[in-house]
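**Student:** Next input, structure requested:
(3 chains)
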Amino acid sequence: MPSDVHLNGHIFSTTNAPSTNMSKRQITSFFAPVASKKQRFDLTSKLPPSTHPNYPHPITCLPPALVFSSRQGADVNDGGSSSNTAATDEIAPLVFNGKPDLDMLHYQPFLHRSLAQELYTFLRRELPFYRVTYSIKRDGTDTVVNTPRYTSLFGVDAMCIFHPETGTLLDAEKKLPIKYAYPGCNPRPIPQCLLPLLEYTEARTNSSYNFLLINYYSNGADSIAFHSDDESFLGENPTIASLTLGSTRDFVMKHKTEPSQKLSLPLASGDLVLMKGTTQPRWLHSVPKRKHSGPRINITFRFVKTRKGTENYYRYNVGTGPVYRWDEATGEMKVWERGKEEAVSEVDASVKKET
DNA sequence: GTACCTAAGCTAT
DNA sequence: AATAGCTTAGGTA
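**Tutor:** Residues are numbered from 1 along each chain as shown, chains lettered A, B, ... in the order given. Predicted coordinates for the structure are as follows:
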């Protein structure tokens, strides 16, 4: 696999200035390396919002002060003159491999706490979220389930890439438009604001990912039940990274067939859990309700191999319901409708000019 | 000890 | 990839 394959599926360039004759370029030329890895980690120029036909709204670019690199981590001890928020001191992870079939690393933290906090605030404010409802057959009768958390999702399976300019889906190998449809879902590329984090996470965990699933647990009543990420479209022993931003929540694990094998660890802001090997096929995990917990964002990084995975993930994490966006005035997620936010945007714009 | 309360764990649906 | 309802655990006066 080429070293820069993780970039191929997504709209991304290191410059704000659009090429004047892009439409005349060969499609393949969009995929040529345009910057060294170091340059890509060190983005400092302000980029335009990310747009795509399947985004409900443009998604704000990452503030240049949020830098992901170990080098910036060293700059934090310069007496405070740097305006950058350092990524990390790269503390060695705690290894969990003493229990049967468990192969897991806990980076505590993975991101510097202050960077995690800023990233948390930014993502909650700027990303579109969903509160998916769906029906299941429970004891023979259809029951409506309200997913007990807000979700958002970006990515497409490894069979496809997004055209860097138009955003249409192309065959990953042939670089030509795909001939099949994705019934019931509208895949969308990872927005620029998540790409530096993606690349940084790929480099430090030594894995590639093509899907980012974002969960927002607004309080301790939001949760996720015991499950495994063991679907066939992830492969046999998938590597999955899970980053916590915001409030601490317990992450509870139990072995599928050995009831005495249990594990609970508090995940704090900036912590990352890397699950690999037989962890998914042999263990279940959950984030149970906790009466007094505050709001938390969780980002999971996965590599989806096939179309079925894309369809499954968009069904359960985007769905067909309304878009929710963070409302600073009320401090909660609020149903968002296109075109009804203009009055608020005016205020936002004036605030931005002042800062 | 014992009554009472709350949070967390367990299980059938 | 959930939830209601019940049971258990643990704190406190």
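
**Student:** who in chain A is up against DNA strand C?
**Tutor:** With the criterion set to C-beta under 7 Å from any atom of the strand, chain A comes near DNA strand C through A:138, A:145-148, A:223-225, A:227-229, A:231, A:312, A:316. C-beta: built from backbone N, CA, C; applies to glycine.

**Student:** Now do the phi/psi pair for the residue nearest to A:Gln108 when sequence neighbours are not counted.
**Tutor:** Once flanking residues are discounted, A:Gln108 sits nearest to A:Asp271: 5.0 Å by C-beta to C-beta, 6 or more residues apart in numbering. Per-residue torsions, A:Asp271: phi -70, psi 150 (degrees, to the nearest 10).

**Student:** cool, A:Ala203 as well?
**Tutor:** The phi/psi pair for A:Ala203 (degrees, to the nearest 10) reads phi -70, psi -40.

**Student:** got a list of what the nearest residue to A:Arg131 once chain neighbours are set aside touches?
**Tutor:** Spatial nearest neighbour of A:Arg131, excluding adjacent residues (C-beta to C-beta, 6+ apart): A:Tyr150 at 5.7 Å. Neighbouring residues of A:Tyr150 by C-beta atoms under 8 Å, 6 or more residues apart in numbering: A:Phe129, A:Tyr130, A:Arg131, A:Asn215, A:Tyr216, A:Tyr217, A:Ser218, A:Asp222, A:Tyr324, A:Met333.

**Student:** Test my guess that the fourth one contacts A:Ile224.
**Tutor:** Which is A:Asn215. Yes. A:Asn215 lies in contact with A:Ile224 (C-beta atoms under 8 Å); the separation is 7.2 Å.

**Student:** anything in contact with each of these two?
**Tutor:** A:Arg149.

**Student:** residues in contact with the residue nearest to A:Gln108?
**Tutor:** A:His106, A:Tyr107, A:Gln108, A:Pro109, A:Phe110, A:Leu243, A:Thr244.

**Student:** which ones among those are found in strands?
**Tutor:** Of the positions in these, A:His106, A:Tyr107, A:Leu243, A:Thr244 sit in strands, assigned by DSSP state E.

**Student:** For the last one, which residues count as its bridge partners?
**Tutor:** Assessed by DSSP bridges, A:Thr244 has beta-bridge partners A:Asn298.
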